[in-house]
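K.L.:
Here's a sequence, model it:
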Amino acid sequence: AGVNTNNIIGNNISIGNYRNGISLESGTYITVTNNVTSGNGLDGIHFEIGSYITCIGNASYNNSRNGIIVEITSYGTIGGNVCINNQICGIELVTSGTLIAIHGNTCGSNLYGGIRARSASDRNTYVGNLCINNGSLGINIQHNNCGSSVVVGNTFLTNELGALFVQTTSQNATYSGNNL
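P.N.:
Down below sits the predicted model:
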């Protein structure tokens, strides 16, 4: 398989697909913007094995797993998205989702949580997100090696298990100015 480079995926509607609404694998400098993904069998938007991604202004709701998931990807921006009513998380970084700026997103009424980072997803920034009415946590930084995170200026409202959880093995992080 080749590498996708310098692609823009924008202004699409992806509803009711068997797997992912939008799926990107092995890409660099990829922009996903102003799409609607809903009711898909797995994730709304799925990035895997990439770098320099931009995911802005999308609506991803009612998907069987996550609204947006980033795996084995570094350097990117996830901003201004609305991720609601997904069966796992609104936004999830997993297995080395590093150096990602997650800002200005609304993640609400997701079954597990608003935003979750796990499995060596480190050096990410979480700024100005609204996490509301999620079934677990607003922002959950869990598992080993999710350190050096910056969590600033986020708002958490009525999340079932709390606003923010950081596992003790996550080190060198900054948490300030959040509305808990």
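K.L.:
Give me the pLDDT for residue 168.
P.N.:
In this model, residue 168 is scored at 58, pLDDT.
K.L.:
The longest strand along the chain - which strands sit beside it in the sheet, and in what orientation?
P.N.:
When the chain is parsed with DSSP state E, its longest strand is strand 89-103. With DSSP bridges as the test, strand 89-103 is paired with strand 68-79 (parallel), strand 113-118 (parallel), strand 125-127 (parallel).
K.L.:
Buried deepest among those strands, which one?
P.N.:
Mean neighbour count (mean count of other CB atoms under 10 Å) peaks for strand 113-118 among the strands paired with strand 89-103, with a mean of 28. No exception for glycine: its C-beta is placed from N, CA and C like everyone else's.
K.L.:
so how far is that strand off the chain centroid?
P.N.:
Centre-to-centre, strand 113-118 and its host chain are 7 Å apart (CA atoms, centre = their mean, to the nearest Å).
K.L.:
ok, and what's touching that strand?
P.N.:
Residues from elsewhere that reach strand 113-118, judged by CB atoms under 8 Å, 6 or more residues apart in numbering: 83, 88-94, 97, 102, 105, 107-108, 124, 126, 129, 131-132, 134-143, 146, 149, 156, 159.
K.L.:
Restrict those to the buried ones and give me that as a ChimeraX selection.
P.N.:
In ChimeraX syntax, the buried subset of these is picked out as below (16 or more other CB atoms under 10 Å):
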select :83,88,89,90,91,92,93,94,97,102,105,107,108,124,126,129,131,132,134,135,136,137,138,139,140,141,142,143,146,149,156,159
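K.L.:
Please determine how far the closest residue to residue 27 other than its chain neighbours is located from residue 25.
P.N.:
Distances taken as CB to CB, 6 or more residues apart in numbering place residue 4 nearest to residue 27, at 3.7 Å, with adjacent residues excluded. Distance from residue 4 to residue 25, counting by CB to CB, to the nearest Å: 8 Å.
K.L.:
thinking again about what came up before, determine the next helix or strand in the C-terminal direction from the longest strand of the chain.
P.N.:
Toward the C-terminus, strand 89-103 is succeeded by strand 106-108 as the next helix or strand (DSSP states H and E).
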